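Visitor: Got a sequence here, can you build the structure:
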Amino acid sequence: MDILARRLPSAPESRWRTVLHVGGAAALAWCGMVIHNLADLPSLTVMSRENTWPGVLWLLLFGLWVAIPRARWPATVLLAWGLLNLVGGAASVLPLPLWPYHPEQSLHHYLFHGVYALMQLPVLSLAQAERARRGALGARAA
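Guide: Predicted coordinates:
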C-alpha cells in the first residue's frame, strides 16, 4: 500500500501538473503565431501588437481557466480561441478574394502555417479534456 501511495499524485499535485501542462500548451500555441509572424512578416517584432495582443488574450483565458477550476466554460473558451487560431491560420494562407492582402503561395509560407497549426494541437487536446473533466464534475455535483 505504501508503494502505491507514493506513486499516485495527490489531488493538489495533480492539479498543479495540469495547470503547468495547460499553461505550457497555451504558451506553445502563442509561440506558434509569433514564429509564423516573425518568419512571414519581417516588419513585425515580438513586441508588435499583432503578437502581443494575442499573447495577452492567451494569458487572460488561461488565467480564467485557473481561477475558475470547476466551471466548464473557461475550458470551452480556451478551446474556442485555439480553434480560431487553427482555422484562421489555415484559412489565411489561402488566396481568397475576401482578404485585404495577397498571401504568399510558397512552400516556405505553407511550412510556417503548418508549424503554426501543429503548435495549436496540444492546447486543443488539453482544453477538450478539461471540458470533459469539468463536465463530469458538474454532473456529479448536480
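Visitor: what about the strands in this protein?
Guide: Using DSSP state E, no strands are found in the chain.
Visitor: where in it is pLDDT low?
Guide: Residue ranges of the chain with pLDDT under 70: 1-10, 103, 138-142.
Visitor: Can you give me the neighbour number for the spatially closest residue to residue 21 that is not a sequence neighbour?
Guide: With sequence-adjacent residues excluded and distances taken as C-beta to C-beta, 6 or more residues apart in numbering, residue 21 is closest to residue 126, at 6.0 Å. Any C-beta I mention is one placed from the backbone N, CA and C, and that applies to glycine too. Using other C-beta atoms under 10 Å, residue 126 is surrounded by 22 other residues.
Visitor: do the one 4 residues further on as well
Guide: Residue 130 is flanked by 21 other residues according to other C-beta under 10 Å.
Visitor: Ok, residue 49 next?
Guide: Neighbour count for residue 49, taken as other C-beta under 10 Å: 9.
Visitor: Please apply the same query to residue 32.
Guide: Around residue 32 there are 25 residues (other C-beta under 10 Å).
Visitor: Isn't it up against residue 113?
Guide: No - in this structure residue 32 lies outside contact range of residue 113 using C-beta atoms under 8 Å: 9.7 Å.
Visitor: list residues touching both of these two?
Guide: Shared contacts of residue 32 and residue 113, defined by C-beta atoms under 8 Å, 6 or more residues apart in numbering, comprise residue 89.
Visitor: Helices of this protein, start to end?
Guide: Along the chain, counting by DSSP state H, helices occupy 2-7, 11-40, 49-67, 73-91, 107-118, 121-141.
Visitor: got those helices as CSV, with distance to residue 98 columns?
Guide: Shown next, in CSV, are the helices of the chain (distance: least, C-beta to C-beta, whole Å):
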stretch, distance to residue 98
helix 2-7, 54
helix 11-40, 19
helix 49-67, 19
helix 73-91, 10
helix 107-118, 17
helix 121-141, 25
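Visitor: list the contacts for the residue nearest to residue 21?
Guide: Shown in contact with residue 126 (C-beta under 8 Å, 6+ apart): 18, 21, 22, 25.
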